[in-house]
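[1] I'll drop the sequence and a predicted model, then ask my questions.
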Amino acid sequence: MMAPTSERRGQRVYLMYVDESGDTGLDGSPTEHFVLAGVVVHESDWIAGLEQLIAFRRRMRAAFGLTLFSELHAAHLLNRPGRLVSIAKNDRLTIIRAFANEVAQMEHVRCICVHVDKRGKQASYDVFDVAWRTLIQRFAVTLRQGGFPRGTAVGEKGMLFPDDTDDVKLKRLLARMRLVNPVPDPAGPGIGYRDLAVSEIIEYPCFRDSAESCFVQVADLVAFLCYQAIAPSRYVRRTGGHAYFRRLAPVLLREASGSDPRGIVRL
């Protein structure tokens, strides 16, 4: 007997791969900004997405000698290329630009970018907590509303696949958000809040080594380009790389960012 429609729809799972650019420190930090990027793909599109990324890597191998199993870590590709030092720096920047173009063509992928401007924040401001809480909230609300490609607004669930981060702190944060999650209530009088406990995210975060995950490497690219659009390095600005984030416009989940023209959630 076929399951009811709502039950069939409830089996949908979206996977969000997450990476960061910058650091979460305030005092003595070398960065003034922190960016957290989530790349969301539906389980049924995962194989096709992986095949597209592998095909891209093959083209980069043919054009620049980039091996299939070399990690595409955007910041390291420019500043600490390691084995890839044999590829000219301007070609490595070209690879980053081509990677952005490829991601922009991934029809069923969506990206959520959270930016924390650390300047002027109080010492008690927890950059990690606020950034992750915001990203998880945007992910959960979009699932609840059926806002992703293939969305149904019925029974959608999500899972988190972060790159290396503070795993204990993130697990505790998600556990708390499943119990209580106060969010601003625009319909309430004054500055009110309502509790929207997160029930859309299943399991604890499944941490992945970016060297072993093509989709985490996509999240790394998105985080890096978002950061460089906000605070570009001298080399990136001089070569025009600070504009590469605009190439991701087709896959940026603008609904999650409110009115920001570049699709960034700003804190």
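    Ah, there it is.

[2] tell me the contacts of Val109?
    For Val109, the contacting residues are 39-41, 45, 49, 103, 218, 251, by Cβ atoms under 8 Å, 6 or more residues apart in numbering. Any C-beta I mention is one placed from the backbone N, CA and C, and that applies to glycine too.

[3] let's see it at 10 Å
    Val109 makes contact with 17, 39-42, 45, 49, 52, 103, 148-149, 215, 218, 222, 248, 250-251, 253 under the criterion Cβ atoms under 10 Å, 6 or more residues apart in numbering.

[4] What of Leu78?
    Residues touching Leu78, when contacts are defined by Cβ under 10 Å, 6+ apart, comprise 89, 92-93, 95-96, 224, 228, 233, 235-236, 239, 241.

[5] Next: Leu72.
    Contact criterion Cβ under 10 Å, 6+ apart gives 53, 56-57, 60, 66, 84, 95-96, 99, 210-211, 214, 216-218, 220-221 as the residues in contact with Leu72.

[6] just the buried members of the residues you listed?
    Buried positions within these, assessed by neighbour count (16 or more other Cβ atoms under 10 Å), are 53, 56-57, 60, 66, 84, 95-96, 99, 210, 214, 216-218, 220-221.

[7] What helix or strand is His115 located in?
    Applying DSSP states H and E as the criterion places His115 in strand 110-117.

[8] I'd like the mean pLDDT over that strand, please.
    Averaged across strand 110-117, the pLDDT comes to 97.

[9] List the buried residues of the following helix or strand past it.
    Scanning forward in sequence from strand 110-117, with DSSP H and E defining helices and strands, the next element found is helix 127-145. Within helix 127-145, the residues that qualify as buried by neighbour count (16+ other Cβ under 10 Å) are 127-144.

[10] Also stretch 243-262?
    Of the residues in stretch 243-262, those with enough neighbours to count as buried (16+ other Cβ under 10 Å) are 244-245, 247-248, 251-253, 256-257, 262.

[11] Closest one to Asp166 out of these, please.
    When the buried residues of stretch 243-262 are compared for distance to Asp166, the smallest value, 23.1 Å, is given by Ala256; criterion: Cβ to Cβ.

[12] Setting the sequence-adjacent residues aside, check what's closest to that closest one.
    Spatial nearest neighbour of Ala256, excluding adjacent residues (Cβ to Cβ, 6 or more residues apart in numbering): Arg138 at 4.1 Å.

[13] And Arg12, by the same measure?
    Glu156 (5.1 Å).

[14] who's in contact with that neighbour?
    Residues in contact with Glu156, defined by Cβ under 10 Å, 6+ apart, are 9-14, 42, 140, 142-148, 150, 200.

[15] now for the buried residues of stretch 243-262, which pair is the farthest apart?
    Farthest pair in the buried residues of stretch 243-262, by Cβ to Cβ: Tyr244 and Ala256, 20.6 Å.

[16] In contact with Ser199, which residues?
    When contacts are counted by Cβ under 10 Å, 6+ apart, Ser199 is found next to 140, 143-144, 157, 177-178, 181.
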